[in-house]
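Engineer: Next come a sequence and a model predicted from it.
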Amino acid sequence: MNEDDENSWADEFGEHCPKLSMKTRITLWAVCTGVGAFLAFLGGIFVFKIATQPEIFAILYTGGNLMAICATMFLWGPCGQCRKMWDKSRWGATLIYFLSMAATITVAFTVPIPYNVIAVILCLIVQFCAMVWYSASYIPCGRKVLAKIVRNVCFCGQV
């Protein structure tokens, strides 16, 4: 795809998305972030029922993460967010993050009881780690600092 194709696609997409004021963007970002936090909170309530209803927990937790990603689209715009997400420096983190969300939902609904509980918990751990690594990619030197913290914690400062 050349630059002209990319610009025409972005222009065409932009026609379907109204231009929003900064106040509206921040308001919508806050609403989506709030909904995402609320979904994650509800997931936290259902963590006590993970042994009997891992599907609900997985949907709420993953839904909260998806809402957080949607929230940032209001700040940068959908095209800008997609360009940032799939940039060469963070496409791997983005891919792992999305795959871990898909795996969490898939495992919750397809793996038989009681194995689905363990599998969902493992997928959620991977999803959480992927979310932290993905988020750190937006902070200058964030991954470097995070990697140093993890090394110090895991190796008791011996590295």
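Structural biologist: Looks like it came in fine. Predicted model, so just to flag it, every value in this text is computed and none were measured.
Engineer: contacts, neighbours, all on C-alpha from now
Structural biologist: OK.
Engineer: And the helices in the chain?
Structural biologist: 3-16, 22-46, 54-76, 78-85, 91-110, 115-136, 142-154 (DSSP state H).
Engineer: comparing these, which gets the lowest mean pLDDT score?
Structural biologist: If you rank these by mean pLDDT, helix 3-16 sits at the bottom with a mean of 53.
Engineer: okay if I get the helices of the chain as a markdown table plus mean neighbour count?
Structural biologist: What follows is the helices of the chain, written out as a markdown table (neighbours: other C-alpha atoms under 10 Å):
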| stretch | mean neighbour count |
| --- | --- |
| helix 3-16 | 11 |
| helix 22-46 | 17 |
| helix 54-76 | 21 |
| helix 78-85 | 16 |
| helix 91-110 | 19 |
| helix 115-136 | 19 |
| helix 142-154 | 14 |
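Engineer: Tell me how many other residues surround Asp87.
Structural biologist: By other C-alpha atoms under 10 Å, the residues close to Asp87 number 12.
Engineer: Which phi and psi values does it adopt?
Structural biologist: phi -60, psi 150 (degrees, to the nearest 10).
Engineer: residues contacting the most centrally placed residue in the chain?
Structural biologist: Note on the chain: the residue nearest the mean C-alpha position is Asn65, at 4.5 Å, using C-alpha atoms, centre = their mean. If you count contacts by C-alpha atoms under 8 Å, 6 or more residues apart in numbering, Asn65 has them with 36, 40.
Engineer: Apart from its neighbours in sequence, what residue is nearest Ala30?
Structural biologist: Spatial nearest neighbour of Ala30, chain neighbours left out: Ala71 (7.3 Å); criterion: C-alpha to C-alpha, 6 or more residues apart in numbering.
Engineer: how close does that neighbour sit to Pro140?
Structural biologist: Using C-alpha to C-alpha, to the nearest Å, we find Ala71 at a distance of 20 Å from Pro140.
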